[in-house]
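> only geometry, no sequence info:
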Ligand SMILES: Nc1ncnc2c1ncn2[C@@H]1O[C@H](COP(=O)(O)OP(=O)(O)OP(=O)(O)O)[C@@H](O)[C@H]1O
Ligand SMILES: [Mg+2]
């Protein structure tokens, strides 16, 4: 979507401090695709989108991937709710089914990770995904249970 964002006067910054992960490619593509899709969809119409994507190693052999936007943001009371199926937030002026983030959360969990959000209404949102650096670590642990 870089082309689409550039064409609308926005920007995309990518900072991959952690460059490799052993995981499930299709699941990761779906997670990041949904987050980026939302960042574009819920941009403030009067403010060019600034999208930043970062990855960095964190404790316990994990990687944190952040998708940050300066879009319309999410009201505090909805921060947990948006990960539930069919739940949406704010004005219903944009088409959506409320499925994307529920899917993201279940995919993240299946990869041994978790997803959280930090957001200020009217200012922007940061979605933070934490995943095992190597899915085999997680599968190993799950297999022993
Ligand atoms: N980056 C974001 N900025 C502001 N609001 C967001 C953002 N991402 C999600 N939301 C809010 O969370 C709600 C749930 O998002 P989710 O992706 O699950 O559903 P959706 O985008 O409405 O529909 P779809 O199923 O097509 O993805 C959205 O309706 C929107 O209100
Ligand atoms: Mg969505």
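Yep, it's here. All values derive from a computational prediction rather than experimental measurement. Numbering: from 1, shown residues only. Ligands and ions are numbered 1, 2, ... in the order given.
> Taking this protein, what residue is nearest to ligand 2?
When scored by CB to the ion, the chain has residue 100 as its residue closest to ligand 2, at 3.0 Å. From N, CA and C alone the C-beta is placed, and that goes for glycine too.
> The residue nearest to that residue when sequence neighbours are not counted and residue 129, how far apart?
Spatial nearest neighbour of residue 100, excluding adjacent residues (CB to CB, 6 or more residues apart in numbering): residue 34 at 4.2 Å. For residue 34, the distance to residue 129 equals 11 Å [CB to CB, to the nearest Å].
> So between the two, which is more surrounded?
Comparing residue 34 with residue 129 by neighbour count (other CB atoms under 10 Å), the higher total belongs to residue 129, at 24 against 19.
> is the lengthiest helix in the chain anywhere near ligand 1?
Among the segments of the chain that qualify as a helix by DSSP state H, the longest is helix 25-41. Yes: among the residues of helix 25-41, 34, 38, 39, 41 lie within reach of ligand 1 under CB under 6 Å from any ligand atom.
> ok, and the closest non-adjacent residue to the third one?
The one in question is residue 39. Nearest non-adjacent residue to residue 39, counting by CB to CB, 6+ apart: residue 69, 3.9 Å away.
> Would you mind naming the residues that bridge with that neighbour?
Residue 69 forms beta bridges with residue 125, as assigned by DSSP bridges.
> which residues sit in contact with residue 22?
For residue 22, the contact set (CB atoms under 8 Å, 6 or more residues apart in numbering) comprises 133, 134, 135, 136.
> okay if I get those residues as TSV plus neighbour count, secondary structure and distance to residue 10?
Output for the contacts of residue 22, formatted as TSV (neighbours: other CB atoms under 10 Å; DSSP: H, G, I helix; E, B strand; the rest coil; distance: CB to CB, whole Å):
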residue	neighbour count	secondary structure	distance to residue 10
133	18	coil	31
134	17	strand	34
135	18	helix	33
136	12	helix	38
